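Visitor: Just need the structure, nothing else, for what follows:
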Amino acid sequence: MKTPISPHNPFGHTRHGFAWEQVQPGNRHLDYGCFEGKTLRAFRDKGVTELIGVDASGDAIEAGRGKHPDLDMRHIDPAKPLPFGDGDFDSVSLLDVLEHVQDQRQLLDELNRVLAPGGRLIVTVPRLHIFSVLDVGNLKFRFPRLHRWFFCMRHSREAYEYRYVNNPDGLIGDISAEKAWHEHFSPAKLQRLLEASGFQVELFDGSGLFTRVIFLARNTIGLIPPIGSALDAITRIDNRWFKSMNLFCVARKESEPPRR
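Guide: I've put the predicted structure just below:
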């Protein structure tokens, strides 16, 4: 990861750490896909006072409100326009969300609309690289029966049905049912998507190379405390010195989105 990380950054060389460095105090900021608000809270602590978080998961928003009752967190229907006016925000973060969305162009057009002229969009996605095949987020699509058996064993059949079959928000886990795949991006593909919605890419960065391999080890032999601590340290080094697993981007609103 090339982006310098300040000593006060609570996330280190991760996608959240990258976004934390880009969001400026005093900005009007929207975190799209805020989940339970951990990153939103860190932005508030940095001094970003006008903050709103939105997420397609009602369960995540409910949990987030319980943890951070002072944050403005809203449940949205991603198929509908955002409940904000044109140019309401100076910056928007979209952290590991785009790969879960079927109509990516519609989402980016809408984020362009709510950004002020010259506003910045901070995007992170999984990068297409040599270890993409190890993405555990796609196991439920590659091996659905095995995934169902394992999840039911750890939780319950009812929990599986709620999360993956009859989710009230139209999700399969955290991925839209229409998408049904955890997508990985090349820089060229992400740039084309952003430019089609009226954004100009300012920089690319990234983190990690072996993190997916380390993650698999962390969830097996890493359950032994000393080994787990060592693997966590290796992950931090991997995120700092490489940039192949995660793709980070900052883009600026250049114009109104071209018509489809």
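
Visitor: what ranges do the strands span in the stretch 101-250 of the chain?
Guide: Along the stretch 101-250 of the chain, counting by DSSP state E, counting those that start in this stretch, strands occupy 115-126, 171-172, 175-176, 199-207, 246-253.

Visitor: who's in contact with the nearest residue to residue 20 once chain neighbours are set aside?
Guide: Spatially, and ignoring its direct neighbours in sequence, residue 20 is nearest to residue 9 (5.3 Å; CB to CB, 6 or more residues apart in numbering). In short, each C-beta sits where N, CA and C put it, glycine included. By CB atoms under 8 Å, 6 or more residues apart in numbering, the contact list for residue 9 reads 17, 20, 21.

Visitor: hmm, back to that, looking at the strands of the stretch 101-250 of the chain, which is nearest to residue 233?
Guide: Among the strands of the stretch 101-250 of the chain, the nearest to residue 233 by CB to CB is strand 199-207 (15.2 Å).

Visitor: Could you tell me how many residues sit around residue 165?
Guide: 11 (other CB atoms under 10 Å).

Visitor: Which stretch among the strands of the stretch 101-250 of the chain approaches residue 136 most closely?
Guide: strand 115-126 (11.3 Å).

Visitor: What subset of the contacts of residue 9 is buried?
Guide: Buried members of the contacts of residue 9, scored by 16 or more other CB atoms under 10 Å, are 17, 20, 21.

Visitor: What is the nearest of those to residue 93?
Guide: Distances from residue 93 to those, taken by CB to CB, are shortest for residue 20, at 9.4 Å.

Visitor: helix, strand or coil for that closest one?
Guide: Assigned state for residue 20: helix (three-state reduction, DSSP: H, G, I helix; E, B strand; the rest coil).

Visitor: residue contacts, it?
Guide: By CB under 8 Å, 6+ apart, the contact set of residue 20 is 9, 10, 11, 39, 42, 43, 46.

Visitor: can you rerun that using 7 Å?
Guide: Taking CB atoms under 7 Å, 6 or more residues apart in numbering, we find residue 20 in contact with 9, 11, 42, 46.

Visitor: all helices for the stretch 51-200 of the chain, in order.
Guide: For the stretch 51-200 of the chain, the helices defined by DSSP state H, counting those that start in this stretch cover 58-67, 104-114, 139-142, 144-154, 157-160, 187-196.
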